[in-house]
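*Asks:* structure, please.
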Amino acid sequence: MEQQTPRSSDFRPGLVSGAVNLAKNMFGLFMSRIELAALELAEVRANALKLVALFVLGAIVAWFAIGYWSALIVYLSWPVLGWKILLILAIIFTAVAVGILLYVQSLLREGKLSMPATMAELRNDHDALL
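*Replies:* From the prediction side, this is the model:
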């Protein structure tokens, strides 16, 4: 006589079983990607808050420094240069402002606020599924 192996009650052979297993795996993959994105978003949020706080503090300190140094330079240079000192300071501060703007743009282009691990995993998932 042949010995039959007992089957579990949730065993379903065939196409339905494969579809159910595929759905379970896809749901698990989706949940792991959501968890990874949540972790990276928490890091991005913390970095963004630090960046904003430092920017505000730096802007306040910079305005005071610019104001006092400008007043001192204008006061000391007025007898020699007259109104031209105001033009010189305007050109210098404009050049500094443009330089700072370009630096901030380069920082953002480097991806300091992006989620590289999540995006890489989503690209891998996309490539694997298609």
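
*Asks:* helices and strands around the strand or helix carrying F30, which ones?
*Replies:* Element membership for F30 (DSSP states H and E) is helix 15-81. Packing contacts for helix 15-81, counted by 3 or more CB pairs under 8 Å, 6 or more residues apart in numbering; DSSP states H and E, involve helix 84-109, helix 116-129. C-beta here means a position set from N, CA and C on the backbone, and glycine is covered the same way.

*Asks:* out of the ones you listed, which comes closest to S32?
*Replies:* helix 116-129 (8.4 Å; CB to CB).

*Asks:* in that closest one, which residues are buried?
*Replies:* Neighbour-count burial for helix 116-129 flags 118, 121 (criterion: 16 or more other CB atoms under 10 Å).

*Asks:* and the angle from it to helix 15-81?
*Replies:* Computed by axes from the mean of the first three to the mean of the last three CA atoms, to 10 degrees, the angle separating helix 116-129 from helix 15-81 equals 140 degrees.

*Asks:* so what touches helix 116-129?
*Replies:* For helix 116-129, contacts defined as CB atoms under 8 Å, 6 or more residues apart in numbering pick out 29, 33, 36-37, 40.

*Asks:* same question, stretch 35-49
*Replies:* Residues contacting stretch 35-49 (CB under 8 Å, 6+ apart): 112-115, 117-118, 121.

*Asks:* of all those, which comes closest to V74?
*Replies:* Taking CB to CB as the measure, V74 sits nearest to K112 out of these, at 37.5 Å.

*Asks:* so what's that closest one closest to, chain neighbours aside?
*Replies:* In space, K112 comes closest to N47 once its chain neighbours are excluded; the distance is 6.8 Å by CB to CB, 6 or more residues apart in numbering.
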